[in-house]
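In: Just the structure for this:
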Amino acid sequence: RMETDCNPMELPNNTGFEEDSDYRDFEGTDVKDMRLEAEAVVNDVLFAVSNMFVSKTLPCAEDVAYINVETRERNRYCLELTEAGLRVVAYDFDQTDDRLQTPYHETVYSLLDSLSPAYREVFGNALLQRLEALKKETQS
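Out: Modelled structure (predicted):
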C-alpha cells in the first residue's frame, strides 16, 4: 500500500472483508484501481518535482499504472506502480524497458529520495515549514 494523505472514504486493502461475502460488492475492497492510486501519488509529491503525471499513453489497469516524472534536475523517468510498489521502468516519459531491473520502492518518497537530491531538499524544507507552523500553533 502506498503512503499518501489519508482519505477517510478509502478502505485499506487489508480490511479482511474480501473473504466475507456480505462485503464483496462494497466498492474498494475487492479491486483497487491503480490509476486512482497513481493520481494520489502524483498529488502528494508534485510540489517537489518539476513535472509529474499519470501516463495517458501506457495502459493503466487494476493492477498497474505508469507515472511520468521529471525531477528538478531535469531527469525524466517512467515509473511503474503495482501492489509491489514503485520502480523506474524507463529513463523517459511513456516508455518501458524490459531490460531494466530496478528495485521496487515501498513509497514514492523513498524512490524520489534515491533519484533526486533536489527533491530531498524541497521535501525536507516543506517538512520543516510544516513543523514550524505546528510549533507556533501549539505555543499560541
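In: I'd say E80 and Y66 touch.
Out: Yes. Applying C-beta atoms under 8 Å, one finds E80 in contact with Y66, separated by 5.9 Å. The way it works is simple: take the backbone N, C-alpha and C, and place the C-beta from them, glycine included.
In: where do the contact lists of the two overlap?
Out: Counting by C-beta atoms under 8 Å, 6 or more residues apart in numbering, the contacts common to E80 and Y66 are 89, 96.
In: and the host helix or strand of Q129, which residues are buried?
Out: Q129 belongs to helix 117-139 when assigned by DSSP states H and E. The neighbour-count check on helix 117-139 (16 or more other C-beta atoms under 10 Å) flags 118-119, 122-123 as buried.
In: could you dump those residues to CSV with distance to F47 and pLDDT?
Out: Output for the buried residues of helix 117-139, formatted as CSV (distance: C-beta to C-beta, whole Å; pLDDT from 0 to 100):
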residue, distance to F47, pLDDT
A118, 12, 97
Y119, 10, 96
V122, 7, 96
F123, 8, 93
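In: quick one: low-confidence ranges for the chain?
Out: Applying pLDDT under 70 to the chain flags the ranges 1-32.
In: For the buried residues of helix 117-139, which two are the farthest from each other?
Out: Maximum pairwise distance among these (C-beta to C-beta): 9.5 Å, between A118 and F123.
In: give me the number of residues near the closest residue to M34 other than its chain neighbours?
Out: Residue nearest to M34 in three dimensions, not counting chain neighbours: A65, with 3.8 Å by C-beta to C-beta, 6 or more residues apart in numbering. By the criterion of other C-beta atoms under 10 Å, A65 has 24 neighbours.
In: Many thanks, have a good one.
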